[in-house]
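S.K.: let me see the structure of the following:
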Amino acid sequence: MKKETKGCLTILALLPVAVVLRAYVLSMLWGWYVVGALGAPSLSLVQAYGLSLTVAVFVEASGHSNKGDSGDDMVETFIARWIVTPILILGMGWAGTCLL
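M.R.: Residues are numbered from 1 along each chain as shown. Take a look at the predicted model:
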């Protein structure tokens, strides 16, 4: 199997985890900051997912093109952007709540 094909299959396998993780992070940050500050209702995971899709329509995620990347590079980039970054943001958000 080609590296690119293996990389794409790995990304497809990780995609559901990444989507749920990003929705979870958004719902937690929303609950910590928006609900308290503005009195807005909390978000469920499904609502957080929908909100993240809506924002993604209007905001370019990255100027980086994956053309020419090997399968391993694609997987590393995906993990960094879709799994590691949300975890770091959740940690920074939690740290911010300690200061409130």
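
S.K.: hey, let's count contacts and neighbours off CA atoms from now on
M.R.: OK.

S.K.: find the helix or strand that the residue most central in space within the chain is a member of.
M.R.: Closest to where the C-alpha atoms of the chain average out (C-alpha atoms, centre = their mean) is Arg22, at 3.6 Å. The secondary structure element spanning Arg22 is helix 3-29 (assigned by DSSP states H and E).

S.K.: ok, now Ala37?
M.R.: Remark: Ala37 resides in helix 36-38, with elements defined by DSSP H and E.

S.K.: tell me the first helix or strand C-terminal of that helix.
M.R.: Taking DSSP H and E as the definition, the helix or strand that follows helix 36-38 towards the C-terminus is helix 45-58.

S.K.: list the residues that contact the nearest residue to Leu43 once chain neighbours are set aside.
M.R.: Spatial nearest neighbour of Leu43, chain neighbours left out: Ser27 (5.4 Å); criterion: C-alpha to C-alpha, 6 or more residues apart in numbering. Contacts here follow C-alpha atoms under 8 Å, 6 or more residues apart in numbering; on that basis Ser27 touches 42-45, 48.

S.K.: what subset of those is buried?
M.R.: 42-43, 45, 48 (16 or more other C-alpha atoms under 10 Å).

S.K.: now render the residues you listed as JSON lines, adding distance to Thr54 and pLDDT.
M.R.: Supplementary listing: the buried ones among the contacts of Ser27 in JSON lines, determined by distance: C-alpha to C-alpha, whole Å; pLDDT from 0 to 100:
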{"residue": "Ser42", "distance to Thr54": "17", "pLDDT": "96"}
{"residue": "Leu43", "distance to Thr54": "14", "pLDDT": "96"}
{"residue": "Leu45", "distance to Thr54": "14", "pLDDT": "96"}
{"residue": "Ala48", "distance to Thr54": "10", "pLDDT": "96"}
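
S.K.: for Phe78, state which of those residues is nearest.
M.R.: Distance ranking of the buried ones among the contacts of Ser27 against Phe78, using C-alpha to C-alpha, places Ala48 first at 20.2 Å.
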